[in-house]
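[1] Predicted structure and sequence below. I'll ask about it afterward.
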Amino acid sequence: MFPVALTRIARVLGGVTLVASVVAGCGTISRTPPAPTPADFPGMASILTDAGITVTNIVSGDAGCADADIAKTAIGFDASGADQTTPVRIHVYIFRNRQTYETKRSTIDTCATEFVTDPDTFESVEASPYVAAGQGPWAPTFKERFRSALVRAAGTGG
């Protein structure tokens, strides 16, 4: 009977050691935050709003051009804030990841020729996996806040 009792105690102590090891390991994992992934459009809009930029008239699929393939990645919206008192139409193209961004980036310039009325004041801001483009000129503080918010929304860039 005594050897059976020792075996049970050893099993219990072994289980306690296993549980303690697992709990200690979890503590280590939870102290390391995951790398930030790119935000979806609602997350991006929230970050823009936090930067003092108002986002209105949101239209999914609004690429500003007739390219059906690029329209799948596009969202058009009006933005204003800071020193940009008149809203400007911006098209943001959200690519799946950095590789797609690098492959498709040049298509945005071609697309922009259809909605830009003055090439000298064309504006664009990019942070993989996003490209935002619109007719300018954009006011300096607005553009800087927009750029900063887009970089923040991009996280690690996909």
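    It's in. Residues are numbered from 1 along each chain as shown.

[2] Quick one, grab the pLDDT at R31.
    R31 carries a pLDDT value of 73.

[3] Please enumerate the helices of this structure.
    For the chain, the helices defined by DSSP state H cover 2-30, 41-50, 68-71, 98-112, 140-154.

[4] Ranked by average pLDDT, which of the ones you listed falls at the bottom?
    Mean pLDDT per stretch puts helix 2-30 lowest among these, at a mean of 50.

[5] Contacts only, for P140.
    D83 (C-beta atoms under 8 Å, 6 or more residues apart in numbering). Heads up, the C-betas are built off the backbone N, CA and C, glycines and all.

[6] before we move on, what about D62?
    D62 makes contacts with 71, 74-76, 91, as judged by C-beta under 8 Å, 6+ apart.

[7] Mind putting those into a markdown table with neighbour count and distance to A133?
    Formatted as a markdown table, those follow (neighbours: other C-beta atoms under 10 Å; distance: C-beta to C-beta, whole Å):
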| residue | neighbour count | distance to A133 |
| --- | --- | --- |
| A71 | 19 | 14 |
| A74 | 22 | 10 |
| I75 | 21 | 12 |
| G76 | 19 | 10 |
| H91 | 26 | 5 |
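
[8] Look through this structure and tell me its longest strand.
    For the chain, the longest strand by residue count, based on DSSP state E, is strand 84-94.

[9] Neighbouring strands - and their directions - for that strand?
    Here strand 84-94 has these sheet partners by DSSP bridges: strand 74-81 (antiparallel), strand 130-135 (antiparallel).
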